[in-house]
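Chemist: Next one to model:
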Amino acid sequence: MKVKEYNEKLNEMSLEELYNEEQDLKEKLFKLRFQQVTTYMDNPLELRLVKRDIARVKTAIYKKSKNA
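Modeler: Numbering: from 1, shown residues only. A predicted model of the protein is given here:
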């Protein structure tokens, strides 16, 4: 998904959905880190992308909580 589309999707989500999205991304990051240490990774850049997605979600949470 492109960045602009992902940001629009995040803006439409509620705070609870954003928190769930953050938890899902953190679990995905944990699994990727574990995979990086134990086995060969197909796409090592995916770690960076997941970290950026987590930052985007946290920014959206901050904006929503600030406006509420």
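
Chemist: contacts, neighbours, all on C-alpha from now
Modeler: Fine.

Chemist: where does the protein have low pLDDT?
Modeler: Scanning the chain for pLDDT under 70 picks out the ranges 68.

Chemist: what about the helices in it?
Modeler: Assigned helices in the chain, in chain order: 3-12, 15-38, 46-67 (criterion: DSSP state H).

Chemist: Let me have these in a markdown table, adding mean neighbour count as columns.
Modeler: Output for the helices of the chain, formatted as a markdown table (neighbours: other Cα atoms under 10 Å):
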| stretch | mean neighbour count |
| --- | --- |
| helix 3-12 | 12 |
| helix 15-38 | 14 |
| helix 46-67 | 15 |
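
Chemist: what's near enough to touch K64?
Modeler: The neighbourhood of K64, defined by Cα atoms under 8 Å, 6 or more residues apart in numbering, consists of L15.

Chemist: rerun that using 10 Å as the cut-off
Modeler: Listed by Cα atoms under 10 Å, 6 or more residues apart in numbering, the contact set of K64 reads 11, 13-15, 18, 58.

Chemist: Could you do Q23 as well?
Modeler: Q23 makes contacts with 17, 29, 54, as judged by Cα under 10 Å, 6+ apart.

Chemist: Let me know the distance separating it from N67.
Modeler: The spacing between Q23 and N67, counted by Cα to Cα, to the nearest Å, is 22 Å.

Chemist: P44: which of the contacts of Q23 is nearest?
Modeler: Of all the contacts of Q23, the one with the least separation from P44 (Cα to Cα) is L29, at 11.5 Å.

Chemist: isn't that closest one right next to P44, touching?
Modeler: No: L29 is beyond contact range of P44, at 11.5 Å (criterion: Cα atoms under 10 Å).

Chemist: Give the residues shared as contacts by these two.
Modeler: Listed as contacting both L29 and P44 by Cα under 10 Å, 6+ apart are Q35.

Chemist: Tell me the spacing between Y40 and M1.
Modeler: Relative to M1, Y40 is positioned 24 Å away (criterion: Cα to Cα).

Chemist: these two touch, right, V50 and K31?
Modeler: No: taking contact to mean Cα under 10 Å, the distance of 11.1 Å between V50 and K31 leaves them out of contact.

Chemist: Cool, thanks, signing off.
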